[in-house]
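A.B. asks: need a 3D model of the sequence below.
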Amino acid sequence: MPIRVVLADDSLIVREGVRELLQSVDGIALVATCTDLDSLQAAVEREHPDVVLTDIKMPPTNTDEGIRMAEALRSSAPSIGVVVLSQYADAEYALALLDKGAAGRAYLLKERVSDLDQLVNAIREVARGGSVVDTKVIENLIAERSRNKRSALADLTHREREVLAVVAEGKNNAAIALAFHLTEGAVEKHISSIFSKLGLSEEPAVHRRVKATLIYLAEERIPEKR
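C.D. replies: Here you go, the predicted model:
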């Protein structure tokens with residue numbers, strides 16, 4: 001069965017460009033195109049897609065419709081993957097997208113739309129519950145965090161890396177404790193140590209887990225520098 005995709009973007013050029021690109025890809029079927037949040041919501045209810053490919057901003061408010069749709073789908077249809085297309089390379093919107101976990105979510109810059117391999121990889125990755133974050137966003141985030149060329153994860157213990165991997169799945173402390181047969185207190189100590197070693201101790205609490213997730217995802221895809 002092909003991966004069923006619903007596309008939402010208020011730009012006709014983007015919609016037609018993506019349609020033409022995906023027509024040549026085996027295993028992916030573009031089943032609907034939309035121009036705003038209302039038509040996207042209707043298409044999702046009608047088509048039951050595997051993946052939503054959406055602009056970050058579109059009518060009616062042209063603010064964060066793509067992010068809000070991704071958040072709504074976590075509750076109403078958690079199996080649907082979401083690829084958000086954005087022109088913003090700073091981490092703010094990526095943090096918002098991944099705030100409740102990275103599974104089944106991708107954040108790509110719009111300039112990647114013309115790169116068929118990257119676009120298809122993101123669609124396939126979120127369809128199977130994985131995640132993708134544009135390398136430019138990750139580079140900016142890590143540059144903000146530190147100018148150190150060493151791996152951001154180099155100082156983590158093996159257990160801390162295991163815990164961070166589960167944090168990246170969006171699990172809370174209770175679920176992490178259950179997974180590793182630890183007390184919640186022990187999990188809190190591990191996570192506090194992770195934040196400290198990643199230089200995130202002074203970050204707002206709501207962003208620590210998300211930024212740690214982004215750093216983890218980056219280094220899972222980019223070989224560590226020695």
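
A.B. asks: domains of this structure?
C.D. replies: Per automatic domain parsing, the structural domains of the chain span 3-138, 146-221.

A.B. asks: quick one: low-confidence parts of this structure?
C.D. replies: For the chain, residues meeting the criterion pLDDT under 70 lie at 141-151, 203-207, 218-226.

A.B. asks: can you give me the helices for it?
C.D. replies: Ranges of helices in the chain, per DSSP state H, are 12-23, 37-47, 65-76, 91-97, 116-127, 135-145, 158-167, 173-180, 184-197, 205-221.

A.B. asks: on contacts alone, who are the packing partners of the fifth one?
C.D. replies: When you say that, I think you mean helix 116-127. Contacts defined by 3 or more Cβ pairs under 8 Å, 6 or more residues apart in numbering; DSSP states H and E place helix 116-127 against strand 3-8, helix 12-23, strand 28-34, strand 51-55, strand 81-86, strand 105-109, strand 131-133. C-betas here are computed from N, CA, C, even on glycine.

A.B. asks: got the angle for the third one vs helix 116-127?
C.D. replies: Orientation check (axes from the mean of the first three to the mean of the last three Cα atoms, to 10 degrees): strand 28-34 against helix 116-127 gives 90 degrees.

A.B. asks: neighbouring strands of strand 28-34 in the sheet, and parallel or not?
C.D. replies: strand 3-8 (parallel) (DSSP bridges).

A.B. asks: which parts of the strand it pairs with are buried?
C.D. replies: For strand 3-8, the neighbour count (16 or more other Cβ atoms under 10 Å) marks 3-8 as buried.

A.B. asks: I'd like those residues as JSON lines, with distance to I194 appended.
C.D. replies: As requested, the buried residues of strand 3-8 are exported to JSON lines (distance: Cβ to Cβ, whole Å):
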{"residue": "I3", "distance to I194": "34"}
{"residue": "R4", "distance to I194": "37"}
{"residue": "V5", "distance to I194": "35"}
{"residue": "V6", "distance to I194": "36"}
{"residue": "L7", "distance to I194": "37"}
{"residue": "A8", "distance to I194": "36"}
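
A.B. asks: how close does I67 get to V6?
C.D. replies: Distance from I67 to V6, counting by Cβ to Cβ, to the nearest Å: 16 Å.

A.B. asks: same question, F195
C.D. replies: In terms of Cβ to Cβ, F195 sits 37 Å off from V6.

A.B. asks: what's the answer for D155, then?
C.D. replies: In terms of Cβ to Cβ, D155 sits 42 Å off from V6.

A.B. asks: most distant residue from the centre of this structure?
C.D. replies: Relative to the centre of the chain, the most outlying C-alpha is that of T183, 28.9 Å out, by Cα atoms, centre = their mean.

A.B. asks: contact partners for that residue?
C.D. replies: A177 (Cβ atoms under 8 Å, 6 or more residues apart in numbering).

A.B. asks: distance of it relative to F195?
C.D. replies: Distance from T183 to F195, by Cβ to Cβ: 19 Å.

A.B. asks: cool, thanks, talk later.
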